[in-house]
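Asks: Compute the structure for the input listed below.
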Amino acid sequence: MEILIIEDEPRAASQLQNMLKACNFDYQLLGIIDTVEDAVLWFQKNTTPDLIFMDIQLADGLSFEIFQKIEVPVPIIFTTAFDQYAIQAFKVNSVDYLLKPIQKDDLSSALDKFLKSSKPAVIDPSILKQLLGSIQAPPKREGLLVKEGSGLVQIKVSELLYCYSEDSITFGVTSNKRYIIDETMDELLGSLDQNTFYRINRGQIVSKTSIQKIEPYFNHRVKLSITNPRDLEFVVSRPKTSDFKEWMNK
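Replies: Numbering: from 1, shown residues only. Below is the predicted model of the structure:
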């Protein structure tokens, strides 16, 4: 069984592979892709796999955008960190999905459903439209539980300047403090207001209010001056640069 993983969190991709082995699923991994752009290029140059595991939020946008650019006639099991409200369209339209953090029993059930399914693999355009609409309108999150010392405290999401991932740990930074957040970047972004926060690259999410200046950077990218940068460099990835500028203009 040949599979393709479309996922921008290396830790999540690794965990999925380990869980597939634990489920005794015999597969050959064709690759791990982390952007919409690279996924489209991959499908244009390669034969289609038997099954795709696809995260919804990728490094350069929503994975549903792939289907707007190219036909993908392959069964797909979506993985998502979005909450129950945002995934109603999956249930209504019988599209397989796994809610992060993925549980072994859920993965085993999804695999069993895939092996027994006789439904056509191509996603209907009308279903795609519903999925895009539901995912792009999650409820706004106001509070965030973070680690402080040996305990937990809640901070206001409005206090966050940016979040970043380092050594598989997610950090949130305010004007005067850094906190550890017990969520992946995908899980965190899925619950934040997309008009206020933007994922500029695989490892960084910034608040619009934290951006002081935008400057040209090499390879058609832009570099940001951020409030309380803590010796970090903030560079918008090349595939996201155009979309980022549009987001800043809203």
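Asks: tell me, how many neighbours does the closest residue to Ile181 other than its chain neighbours end up with?
Replies: In space, and not counting its chain neighbours, Ile181 is closest to Thr170: 4.5 Å by Cβ to Cβ, 6 or more residues apart in numbering. For glycine as for every other residue, the C-beta is placed from the backbone atoms N, C-alpha and C. Thr170 has 21 neighbours, counted by other Cβ atoms under 10 Å.
Asks: Can you name the next helix or strand after the helix or strand bottoming out on mean pLDDT in the chain?
Replies: Lowest by mean pLDDT, DSSP states H and E among the helices and strands of the chain is helix 88-92, with a mean of 50. Reading on from helix 88-92 to the C-terminus, the next helix or strand found by DSSP states H and E is strand 97-99.
Asks: quick one: buried residues of the very next helix or strand once past that following strand?
Replies: Of the helices and strands lying after strand 97-99 in sequence (DSSP H and E), the nearest is helix 104-116. Buried residues in helix 104-116, counted by 16 or more other Cβ atoms under 10 Å: Leu107, Ser108, Ala110, Leu111, Phe114.
Asks: Kindly format the C-alpha coordinates of helix 104-116 as CSV.
Replies: Coordinates of each C-alpha in helix 104-116 appear next as CSV, following Å, rounded to 0.1, in the frame of the first residue of the first chain:
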residue,chain,number,x,y,z
LYS,A,104,-4.8,4.7,17.7
ASP,A,105,-8.4,3.4,17.8
ASP,A,106,-9.6,6.3,15.6
LEU,A,107,-6.8,5.7,13.1
SER,A,108,-7.6,1.9,13.1
SER,A,109,-11.3,2.7,12.4
ALA,A,110,-10.5,5.1,9.6
LEU,A,111,-8.1,2.6,8.0
ASP,A,112,-10.8,-0.2,8.2
LYS,A,113,-13.3,2.2,6.6
PHE,A,114,-10.9,3.0,3.8
LEU,A,115,-10.1,-0.7,3.1
LYS,A,116,-13.8,-1.5,2.9
